[in-house]
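Peer 1: here is my input; please provide its structure:
(2 chains)
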2 protein chains.
Amino acid sequence: MAKKNAFYAQSGGVTAVINASASGVIETARKHKDKIGKVYAGRNGIIGALTEDLIDTNKESIKDIAALRHTPSGAFGSCRFKLKGLEENKAQYERLIEVFKAHNIGYFFYNGGGDSADTCLKVSQLSEKMGYPLQAIHVPKTVDNDLPITDCCPGFGSVAKYVAVSMREASFDVASMAKTSTKVFVMEVMGRHAGWIAAAGGLASDENCQLPIVILFPEIAFNKAKFLAKVDEMVKKHGYCSVVVSEGVKGEDGKFLSDQGVRDAFGHAQLGGAAPVIANMVKDALGYKFHWAVADYLQRAARHIASKTDVEQAYALGQKAVELALKGENAVMPTVDRVSDKPYKWKIGVAQLSKVANVEKMMPRNFITKDGFGITDKCRTYLAPLIKGEDYPPFKDGLPQYVKLKNVAVSKKLPAFKV
Amino acid sequence: MAKKNAFYAQSGGVTAVINASASGVIETARKHKDKIGKVYAGRNGIIGALTEDLIDTNKESIKDIAALRHTPSGAFGSCRFKLKGLEENKAQYERLIEVFKAHNIGYFFYNGGGDSADTCLKVSQLSEKMGYPLQAIHVPKTVDNDLPITDCCPGFGSVAKYVAVSMREASFDVASMAKTSTKVFVMEVMGRHAGWIAAAGGLASDENCQLPIVILFPEIAFNKAKFLAKVDEMVKKHGYCSVVVSEGVKGEDGKFLSDQGVRDAFGHAQLGGAAPVIANMVKDALGYKFHWAVADYLQRAARHIASKTDVEQAYALGQKAVELALKGENAVMPTVDRVSDKPYKWKIGVAQLSKVANVEKMMPRNFITKDGFGITDKCRTYLAPLIKGEDYPPFKDGLPQYVKLKNVAVSKKLPAFKV
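Peer 2: The predicted model follows:
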């Protein structure tokens, strides 16, 4: 096998551990210099490939590539960009081949979620349909945890841990205040379609630390009367109640709760969150004082409270992607396979990309309690190991030391291309 | 000195470290059993004293009292309740004396912020004005950091650390997304009057990790045109921008930004946050895609990322409060006195409560940059040591192990009293 360079890029919403996968890819590639030349990273995902904006990762020190393991965000820049089908935009594919040829690229590693798996699958077909020899391997990543086949998705475990820890902490806070002040706390979390992240809020309460938590899943049609009755019951029983609301919850009118026709003083539509809508609903109907939070990017960037399990899996998947490429694989994705629940054991498996792209894995109904407001033991068994272990980044002067790479550009060899 | 019991209570908004002060008070009192009998905690602050709802902390194990040091929230319940003046509501003071007499209470430790210092001061006058011998010591606590005399307030350092860490993490995230998606991230933090917490967001960026951060302080009148120009400049220069907005920022109309006449579909006033208002303002004027977060209780409850300095000071202040009482002091508050900046050294001092109650310490103007959107080196020198050091709580199965006390009630001896 002739020595070829590799292309690696990050795609979609970034996570606390996508850089751990990058570290896995680059460190493993560096161990196989007989077969893999340089690893070029795409600046801002696939856009970097199209515009020939490549980063020479060889210019980064061993120490800095290792530090990616504890650095959140996408070190090379990410993008929200979906390649069209080969027939619809052949020019883009021809351009990719030109760039790959110009830089002797034979390996393509794409690190992303469902949409990115689709992009990776399309690129993997270059070899077959356009005669350019390329091995395309997808490295899974998404806080939404909605990729099929793999038991879980890197990025999710750390968000889940953030949400569970935050809900436990905020619930302790509300419990202290409830006598004369706040009785209901609402936290909005990510997950527009699938309720995996919201479900993690349920982990805050367990056998040894019982807390009154109500979860609103996007999978369950929102029923205002039932929800208010549940909150009221919790407050009457425990003195307070904590609510986790997924950003994807839809009201009875089928619209997102966060899009309830709110207008500012000038009549402009106001993009709000689901949390304030829910909190005000409780106040109006039950009169309880409330507080609400919207975690937004904080939840997926919170490397300081990342799950050790998640970090290890993210790294292992990056490592495996390179090993699969070296074995001559194409159009595949390494997966996390669960071997056992208790004790939790996992290994890395392989899935065909064609079975991954454009498939969304929703929460099974039996992971949600009958009343729709909580998680079942089955769900708990699934989620619990994913948040296990701490993997603190190094701190200096009270702040986490995250690496910023040099990101040195590779000299361009081709004319410009408009994306 | 005859052996007397002590009363301890928590007041106002709770913090990540107020229980560390409780631990300091109780552990120190337990070392002086010759002079201090039992420590009774008020259930829900001063209300526990008025309603004779006392908790016998002697029923708690050594281990559990030690665990308070790493447990956020108020373990005995807090309250938002300000005693009226002695002349206005003498009945309340007479009731306090009755309860203290019935339970042989001679020491009064009140753990709170500015309003609570006022309550503690009033209680301290019982001895003088109503002939009941009592020593009242205030233990400072407030995330707002607005108490005078003390160099800083327990609870603040940990919120500051949370805000600085979160802003650093979220800024890394936005930087990755900016090419094709989010360019402006807005995080709302606490601080209705003083901008100390917002200022901490500025620590996210330092010499070794420069990030484009814009801060909106409640001390600076909001100027929409200047703010938008600043954000635009940052985005054009760095590709993205992170904004920290204090909940207390007021618009040009003198109203809180979070109260800009927003109405829902039914015309009801919608209680929103300052963050969505700011984010939408950026979108409308500059067209940049945004994300926003409201940290709310998460910031003050985040014991998992508490500042070690803060935890140590909170404990030391609780300890000192008991030592002051044993020395016969009354109407005082132990303080943190800064001995030096570099290296940071501090010791515990003492302030007269009359000089503390009802005084708010605002950010000095020279802590804020001339343009009003950042922090000066002077501010940095002040803030930096307060977030220094990590003090992780113990974790089990991925979750922090916070203690829930038994909170056994002391038998009542008196008729009921309506608060």
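Peer 1: surely residue A:7 forms part of a strand?
Peer 2: Yes. Under DSSP: H, G, I helix; E, B strand; the rest coil, residue A:7 falls within a strand.
Peer 1: test my guess that it contacts residue A:100.
Peer 2: Yes. If you go by C-beta atoms under 8 Å, residue A:7 and residue A:100 touch, sitting 7.0 Å apart. (Glycine included, C-beta is placed from N, CA and C.)
Peer 1: these two: who's more crowded?
Peer 2: Higher neighbour count among residue A:7 and residue A:100: residue A:7, with 27 against 23, using other C-beta atoms under 10 Å in any protein chain shown.
Peer 1: from residue B:189, how far off is that one?
Peer 2: Distance, residue A:7 to residue B:189, by C-beta to C-beta, to the nearest Å: 40 Å.
Peer 1: same question, residue A:221
Peer 2: 35 Å.
Peer 1: give me the more crowded residue out of those two.
Peer 2: The neighbour comparison of residue A:221 against residue B:189 (other C-beta under 10 Å) goes to residue B:189, with 33 against 12.
Peer 1: OK, contacts around the more buried one?
Peer 2: B:159, B:163, B:197, B:198, B:200, B:201, B:244, B:245, B:246, B:247, B:295, B:299 (C-beta atoms under 8 Å, 6 or more residues apart in numbering or on different chains).
Peer 1: which ones, among the residues you listed, also lie beside chain A?
Peer 2: residue B:295 (C-beta under 8 Å from any C-beta of the partner chain).
Peer 1: in a markdown table: the contacts of residue B:189, plus pLDDT, secondary structure and distance to residue B:131.
Peer 2: Formatted as a markdown table, the contacts of residue B:189 follow (pLDDT from 0 to 100; DSSP: H, G, I helix; E, B strand; the rest coil; distance: C-beta to C-beta, whole Å):
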| residue | pLDDT | secondary structure | distance to residue B:131 |
| --- | --- | --- | --- |
| B:159 | 98 | helix | 41 |
| B:163 | 98 | helix | 47 |
| B:197 | 98 | helix | 43 |
| B:198 | 98 | helix | 47 |
| B:200 | 98 | helix | 46 |
| B:201 | 98 | helix | 50 |
| B:244 | 98 | strand | 51 |
| B:245 | 97 | strand | 51 |
| B:246 | 96 | strand | 46 |
| B:247 | 93 | coil | 44 |
| B:295 | 96 | coil | 48 |
| B:299 | 98 | helix | 44 |
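Peer 1: what do residue A:7 and residue A:100 both touch?
Peer 2: A:49, A:108.
Peer 1: between the contacts of residue B:189, which sits nearest chain A?
Peer 2: residue B:295 (6.1 Å; C-beta to the nearest C-beta).
Peer 1: and for that closest one, the neighbour number?
Peer 2: Counted with other C-beta under 10 Å, residue B:295 comes out at 27.
Peer 1: now do residue A:343
Peer 2: Other residues near residue A:343 number 7, with proximity taken as other C-beta under 10 Å.
Peer 1: which residue is the nearest non-sequential neighbour of the residue in chain A sticking out farthest from the centre?
Peer 2: Most distant from the centre of chain A: residue A:180, at 38.8 Å, with distances by C-alpha atoms, centre = their mean. Spatial nearest neighbour of residue A:180, excluding adjacent residues (C-beta to C-beta, 6 or more residues apart in numbering or on different chains): residue B:79 at 4.5 Å.
Peer 1: the one you found and residue B:46 touch, don't they?
Peer 2: Yes. Counting by C-beta under 8 Å, residue B:46 is a contact partner of residue B:79 at 6.5 Å.
Peer 1: now for the two: what residues contact both?
Peer 2: Shared contacts of residue B:79 and residue B:46, counting by C-beta under 8 Å, 6+ apart, come down to residue B:11.
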